[in-house]
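J.: Pasting the sequence and the predicted model now:
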Amino acid sequence: MSDQRFTPEMTVDEAFKIHAGARRVFARFHLGGCSHCAISESHTIGAVSEDYGIPLPMLLESLNALFAQGDLAVGAKVRIPDEIRAKIPQLAEVPEIGEITEAESGAYTAEFGDVRLQGLAEDFVPVQADATPA
């Protein structure tokens, strides 16, 4: 994944396919979340920048930063960040340590006992490999 980069000529659909976090980046710029800020998946990143007045270097920097988040390997031990655990009461009973079971295009699936969570690398905190699920 580290060889891939977002470019102005890339369509929004292509961006979504190479990294799952692209949707989150567009949402941070208030793009794609409602009828007033809908973006077409056939638009290029350059066209989105121009049409919505978002400086292209800023948009590309935010998108390409997704590749700097780091990778989590299948089998890696992880925990849920405290700030996420604190916001979702249902996570109080979820084991402290889980394991990455799937990884694809920047999206990860982690199993915490009987609970399966999906997210980006930023949604999980790596722990030492010798940690065991609680």
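T.: Yep, that arrived.

J.: On the pLDDT front, check residue 11 for me.
T.: For residue 11, the model assigns a pLDDT of 95.

J.: residues contacting residue 13?
T.: Taking C-beta atoms under 8 Å, 6 or more residues apart in numbering as the contact definition, residue 13 lies against 41, 42. (C-beta placed from N, C-alpha, C; glycine too.)

J.: Where does it sit: helix, strand or coil?
T.: The local conformation at residue 13, judged by DSSP: H, G, I helix; E, B strand; the rest coil, is helix.

J.: how about low-confidence regions in the protein?
T.: Regions of the chain meeting the criterion pLDDT under 70 cover residues 1-3, 32-38, 129-134.

J.: domain parsing for it?
T.: The record's domain split for the chain, according to automatic domain parsing, is 12-68, 77-126.

J.: What's the separation between the closest residue to residue 115 other than its chain neighbours and residue 125?
T.: The shortest distance from residue 115 to any residue that is not its chain neighbour, by C-beta to C-beta, 6 or more residues apart in numbering, is 5.0 Å, and that residue is residue 94. Between residue 94 and residue 125 the distance, using C-beta to C-beta, to the nearest Å, works out to 14 Å.

J.: Now list whatever residues contact both of the two.
T.: Counting by C-beta under 8 Å, 6+ apart, the contacts common to residue 94 and residue 125 are residue 80.
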